[in-house]
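S.K.: need a 3D model of the following:
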Amino acid sequence: MNVRPATATCILLFFTAAAGAPAAGADFVPPNENLVADGVPAISRELAEATQRYTEFRSAAFRNWHPVKREMLVGTRFADTLQIHRVNFPGGARAQLTFSRDRTGGGSYDPLDGRFMLIRRDAGGGEYFQIYRQDFADGRVTLLTDGNSRNTGGAWSNGGRLYAYESTRRTGRDTDLYVIDPRDPATNRLVAPLEGGGWTTLDWSPDDRTLLVVEYKSINDSTLWLVDVATGKRTRVAMPPSSEPVSHRDARFSADGKGIFAVTDRNSEFSRLAAVDLATGKHRHLTDGADVDDLELSRNRRRIAIVENRHGASRLRVIDAGSGRDLKLPALPLGIVSGIGWHANGRDLGFTFGSAREPGDAWSIDVDAGKIVRWTESESGGIALGTLPEPRPIEWKSFDGRAITGFHYRPPASFAGRRPVVIDIHGGPESQARPRFIGRDNYLLNELGVAIIFPNVRGSAGFGKTFLKLDNGFLRDDSYKDIAALIDWIAGQPDLDPERIMVTGGSYGGHMTLAVAGFYSDRIRCALSVVGMSNLVSFLENTAGYRQDLRRAEYGDERDPKMREYLARIAPLNRAAQIRKPLFVVQGANDPRVPRSESEQIVATLKSAGTPVWYLMAKDEGHGFAKKANRDFQFYSTVVFVREHLLK
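M.R.: Predicted structure coming up:
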């Protein structure tokens, strides 16, 4: 660790006190009681103050409409964690409704009269979500699930009395189908025991007798089923024969219940919207040429709202369900639309909108009037949003001649010369780098002059199903080579410095970070892995049981000897001798996806080899840091790491 002499005494005291405060009067920011910092230098209060305006921005996400009034629920943060708020009218105050140490998800009004809402939360990021009913009359919160299992999904019946969801309570691994009247917890009942961890409820039939569910096996392979609510009998949705697995991302019943509208890649490179006849399985495609990311039908099922992914940006469309024709909508700025939802009036469509210059806020469109309405305007923390750089799309050729793309965020022109580069790799692996708001990372751009590149290596979503499959199983290390090719591309850019490159990422991006550090250590300056897998064999053996088979479909089955040998051979943990550049590892203690052991085994191995390694662990977090205090300290530490190991 490179320590300036003037700070050495303070740092010694910092680590002697087991995550306690440094010496009295020392001008440093200690980690809070939930953080364990090993090898991380003391953080000066001066740095915390200098970066503060980059940590105080907010965002707000549309969640749900009131069933009668024209008001909405949004998710936003005013204290340490994201909570549910009510907004009574566009531009109105965000009235906080939930108050929890952990983030609160969900936020779904009782569809009859809005007297209560359903919320969902876990403890410490462990993702064993519980469903609660919160009554507005007295604020009372009632637990509806068992308190121990993982409970997910959720769809209200058309009659507004019943709520369908999934739970692992029977076996701990399988996501079975349950139905409850939230007004009476005693009505909670198992509808259908299901095998596997990838089941999700999508919709109720118009007569509320049948549930439409999807069985997810992988991003390229999922099946639609009909489940009889009374008997639990399951019937596969009729589909034409296919020579390869087919993906069904989402689906809803048509108004007459005789068909469905499904987002599927059947006979297509992309996931398109199709009308499907339930009796024959006949498909009629309603869109073409781009993946459909989101789907929602109006209450009367006459209007279909979809969000298309076009080169990373979103296109919002509303389609007449009968004719298949598009309704004319006002144009939205270039950005990303998510979380769409119809008001019961059938004309107001709510959604979340964000962009490189917008952290994300709740908006709506009055489809009949053709009017866009902004409901929230989240604080920027003092950042002049209009001055932030718009990312430029880039493209380079990989080892096999395939074009790989990404987005390049450039620092202000006031920074002269070739700029150091951070390569930030997304998770998933089936996620996608898109032109989004990069939050705290704007400090690296604006104040340190660091360029940031977000690549979409093979296996990323948004580029067709062929591209999605290019990193599966024995092809895993081909995605590592895409980053090596990106480093070659950087060397050819007059404004980028190939001698100063840091690679980083979270989850699968954290695994990629460790892999690049192991395979191409001589080509980077340092690396920062957040909840990354250091060995895909041990990861597959130890990830939560309900996830194992879903992840084996992507990475390969470690129980197969040949696959196990391959995964072990490319594992960063087994290439630790080649990791010679400084590494920073961040981990949540309660992570069910990437267990804490994945980070700790690589940290221990590098320590024993004498490789510089920092480790930051949060005892009250899971798959990444959700609490603002923890995220801020992680960010301060990241800035110090960048200064010490990338910029010098």
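S.K.: and Leu12, what pLDDT?
M.R.: Here, the pLDDT recorded for Leu12 equals 26.
S.K.: what of Pro240?
M.R.: 78.
S.K.: also the one 5 residues further on?
M.R.: At Pro245 the predicted local distance difference test score is 91.
S.K.: that one: neighbour count?
M.R.: Residues near Pro245, counting by other Cβ atoms under 10 Å, number 15. Every residue, glycine included, has its C-beta placed from N, CA and C.
S.K.: the chain should start at 5 in everything you say after this.
M.R.: New numbering, starting at 5: the last item is Pro249.
S.K.: tell me if I'm right that it and Asp225 touch.
M.R.: Yes - under the criterion of Cβ atoms under 8 Å, Pro249 makes contact with Asp225 at 3.6 Å.
S.K.: if we look at the longest strand along the chain, which residues are touching it?
M.R.: Assignment by DSSP state E gives strand 500-510 as the longest strand of the chain. Around strand 500-510, the neighbours that count as contacts under Cβ atoms under 8 Å, 6 or more residues apart in numbering are 421-431, 455, 487, 491, 494-495, 515-517, 520-521, 527-536, 628, 646, 649-651.
S.K.: now do stretch 114-121
M.R.: Taking Cβ under 8 Å, 6+ apart as the rule, stretch 114-121 contacts 68, 70-73, 77, 88, 101, 110-113, 122, 137-141, 160, 164-165, 186-187, 348.
S.K.: show the buried residues in those residues.
M.R.: Neighbour counting with 16 or more other Cβ atoms under 10 Å marks 68, 70-71, 77, 88, 101, 110-113, 122, 137-138, 160, 165, 186, 348 as buried within those.
S.K.: how about Ala630: what's its closest non-neighbour residue?
M.R.: Arg107 (5.2 Å; Cβ to Cβ, 6 or more residues apart in numbering).
S.K.: quick one: that neighbour from Thr85, how far?
M.R.: 4 Å (Cβ to Cβ, to the nearest Å).
S.K.: who touches both of those two?
M.R.: Taking Cβ under 8 Å, 6+ apart as the contact rule, Arg107 and Thr85 both touch 630-631.
S.K.: just to revisit the earlier point, would you pull up how far the longest strand of the chain lies from the middle of the chain?
M.R.: From the chain centre to the centre of strand 500-510 is a distance of 23 Å (Cα atoms, centre = their mean, to the nearest Å).
S.K.: average pLDDT for that strand?
M.R.: On average, strand 500-510 scores 98.
S.K.: could you point out which element follows that strand?
M.R.: The element immediately downstream of strand 500-510 (helix or strand, assigned by DSSP states H and E) is helix 512-523.
S.K.: tell me how many other residues crowd Gly390.
M.R.: 7.
S.K.: ok, the closest residue to Arg527 other than its chain neighbours to Lys469 distance?
M.R.: Nearest residue to Arg527 in three dimensions, chain neighbours excluded: Ile491, at 5.2 Å (Cβ to Cβ, 6+ apart). Going from Ile491 to Lys469 by Cβ to Cβ gives 28 Å.
S.K.: returning to that earlier point: just the ones of the contacts of strand 500-510 in helices?
M.R.: 487, 491, 494-495, 515-517, 520-521 (DSSP state H).
S.K.: neighbour-wise, which one of those leads?
M.R.: Met516 (33 neighbours).
S.K.: hmm, Asp481 and that residue touching each other?
M.R.: No - Met516 is not in contact with Asp481 according to Cβ under 8 Å; the separation is 10.4 Å.
S.K.: so who does the nearest residue to Phe265 once chain neighbours are set aside touch?
M.R.: The shortest distance from Phe265 to any non-neighbouring residue, by Cβ to Cβ, 6+ apart, is to Arg256 (5.2 Å). Contacts for Arg256 (Cβ under 8 Å, 6+ apart) come out as 206-207, 216, 264-265, 299-301, 305, 308.
S.K.: now render the residues you listed as JSON lines, adding pLDDT, distance to Ser171 and secondary structure.
M.R.: Output for these, formatted as JSON lines (pLDDT from 0 to 100; distance: Cβ to Cβ, whole Å; DSSP: H, G, I helix; E, B strand; the rest coil):
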{"residue": "Leu206", "pLDDT": "98", "distance to Ser171": "16", "secondary structure": "strand"}
{"residue": "Asp207", "pLDDT": "98", "distance to Ser171": "19", "secondary structure": "strand"}
{"residue": "Leu216", "pLDDT": "98", "distance to Ser171": "18", "secondary structure": "strand"}
{"residue": "Ile264", "pLDDT": "98", "distance to Ser171": "24", "secondary structure": "strand"}
{"residue": "Phe265", "pLDDT": "98", "distance to Ser171": "27", "secondary structure": "strand"}
{"residue": "Leu299", "pLDDT": "98", "distance to Ser171": "24", "secondary structure": "strand"}
{"residue": "Glu300", "pLDDT": "98", "distance to Ser171": "24", "secondary structure": "strand"}
{"residue": "Leu301", "pLDDT": "98", "distance to Ser171": "26", "secondary structure": "strand"}
{"residue": "Arg305", "pLDDT": "98", "distance to Ser171": "28", "secondary structure": "coil"}
{"residue": "Ile308", "pLDDT": "98", "distance to Ser171": "30", "secondary structure": "strand"}
